[in-house]
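> Below are the sequence and a predicted model; questions follow.
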Amino acid sequence: MSTLRNTFCALCAILVAAAVQAADPTGTLYNVNGGQTRGKLQWRNSAKEYVVTTNRGSFTFPADQVERVDVDPPAELNAAIKRVQSGSGLAAAIKTLETIAKDYRHLTYDREATQWLAAAYLKEGNAAKAVSACEAVIRDDPEAAYMGAMAVQYWQALIKDGKTSQLDRHLEKAIASGDKIAAASALVARGDAIMARGNSRANCEEALRDGYLRVILLYADPETDAYPAALYKGAQAFDGMGQGARAGKLREQLKRDCPSSEWARK
């Protein structure tokens, strides 16, 4: 019976290991001359080139000859994201996301997988691992440090890890980028970094002035996450200053402008 049980456990381990292996990335590469090639995709970072493998063989495309690459979504990604969101099964989600981030290097979904991988690490209280995961992507794609959803998660990891000078450099780039979503998200993160020092009146005032209120006044877009986040966190900062009436006005604005936001449900 013991031998049978051990065999069964070993088989389960093999099946679990197989389950977290992402399929080979596939998609369509469009070159600058108007041609397109569909097949298995690979990025060679040392040579800065893509390789597309089809039933006719393998074809190499230097990055400067590629207009875009449309990558098919990894089948396992959504389930792993849901586990991170719920906070259950984090270990399994982390294994899946680590695999996707590695296999889809420079192939679109490495950013999304790493965004949620960092979120999972932060839920486990491991900010250093979250930072390291994001920086593995940033080494290939420096813009990922200040543009896009992964950047927002990276900033939170830097705050938790106490790397404020590094954070400030990326926030300045995001604000100067001309991208409204990136700028608004960076201002929220700036407020968060200030509040991470403590909820003194001075910190609350600074976070409002240099972060949250700038979003509310300059980037009042209910379709973004930054605007409702700024309203919610701004209200908390006003509470920290003992200004309950002003905090109440921001909460009313949050419920009015962003009723379906997760921030309005907090």
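Thanks, I have it.
> contacting residues for His170?
Residues in contact with His170 (C-beta atoms under 8 Å, 6 or more residues apart in numbering) are Ala145, Tyr146, Ala151, Tyr154, Trp155, Leu158, Ala186. (C-beta placed from N, C-alpha, C; glycine too.)
> My error: substitute His106 in the last question.
So His106 contacts Trp43, Asn45, Asp140, Asp141 (C-beta under 8 Å, 6+ apart).
> From Glu143, how far out is it?
12 Å (C-beta to C-beta, to the nearest Å).
> Looks like Val152 contacts Ala189 (just checking).
Yes - if you go by C-beta atoms under 8 Å, Val152 and Ala189 touch, sitting 6.9 Å apart.
> and the two? which has more neighbours close in?
Neighbour count, other C-beta atoms under 10 Å: between Val152 and Ala189, Ala189 has more, with 25 against 22.
> Do I have it right that that one meets Tyr154?
No - with contact defined as C-beta under 8 Å, Ala189 does not count as touching Tyr154 (9.5 Å).
> For the stretch 51-200 of the chain, which segments are assigned as helices?
Applying DSSP state H, counting those that start in this stretch to the stretch 51-200 of the chain gives helices spanning 77-86, 90-103, 109-123, 127-138, 149-160, 164-176, 180-195.
> okay, these in CSV with mean pLDDT and distance to Gln36 next?
Shown next, in CSV, are the helices of the stretch 51-200 of the chain (pLDDT from 0 to 100; distance: least, C-beta to C-beta, whole Å):
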stretch, mean pLDDT, distance to Gln36
helix 77-86, 96, 24
helix 90-103, 96, 22
helix 109-123, 97, 20
helix 127-138, 97, 26
helix 149-160, 98, 27
helix 164-176, 96, 33
helix 180-195, 98, 30
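> Out of these, which is closest to Val52?
Proximity to Val52 (C-beta to C-beta) singles out helix 90-103 among those, at 15.4 Å.
> That closest one: which residues count as buried?
Leu90, Ala93, Ile94, Lys95, Thr96, Leu97, Glu98, Thr99, Ile100, Ala101, Asp103 (16 or more other C-beta atoms under 10 Å).
> One more: stretch 241-248?
For stretch 241-248, by 16+ other C-beta under 10 Å, it's Met241, Gln243, Arg246, Ala247.
> And the residues you listed, which is closest to Arg111?
Nearest member of the buried residues of stretch 241-248 to Arg111, counting by C-beta to C-beta, is Ala247, at 35.2 Å.
> Apart from its chain neighbours, what residue comes closest to the closest one?
Leaving aside its sequence neighbours, Ala247 sits nearest to Phe238 (C-beta to C-beta, 6 or more residues apart in numbering; 3.8 Å).
> Which strand or helix spans the one you found?
Element membership for Phe238 (DSSP states H and E) is helix 226-240.
> before we move on, the earlier item: which of the buried residues of stretch 241-248 fall within helices?
Arg246, Ala247 (DSSP state H).
> Same list, the buried residues of stretch 241-248, but as a markdown table with pLDDT and distance to Lys163 please.
Below are the buried residues of stretch 241-248 laid out as a markdown table (pLDDT from 0 to 100; distance: C-beta to C-beta, whole Å):
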| residue | pLDDT | distance to Lys163 |
| --- | --- | --- |
| Met241 | 97 | 27 |
| Gln243 | 97 | 31 |
| Arg246 | 98 | 32 |
| Ala247 | 98 | 30 |
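> any chance of the buried residues of stretch 241-248 in JSON lines, plus distance to Leu167?
JSON lines is the format used below for the buried residues of stretch 241-248 (distance: C-beta to C-beta, whole Å):
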{"residue": "Met241", "distance to Leu167": "24"}
{"residue": "Gln243", "distance to Leu167": "27"}
{"residue": "Arg246", "distance to Leu167": "27"}
{"residue": "Ala247", "distance to Leu167": "26"}
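> ok, so of the buried residues of stretch 241-248, who is nearest Glu172?
Each of the buried residues of stretch 241-248 was scored against Glu172 by C-beta to C-beta, and Met241 proved nearest at 26.4 Å.
> Check what pLDDT the spatially closest residue to the closest one that is not a sequence neighbour gets.
Residue nearest to Met241 in three dimensions, not counting chain neighbours: Cys204, with 4.8 Å by C-beta to C-beta, 6+ apart. As predicted, Cys204 sits at a pLDDT of 98.
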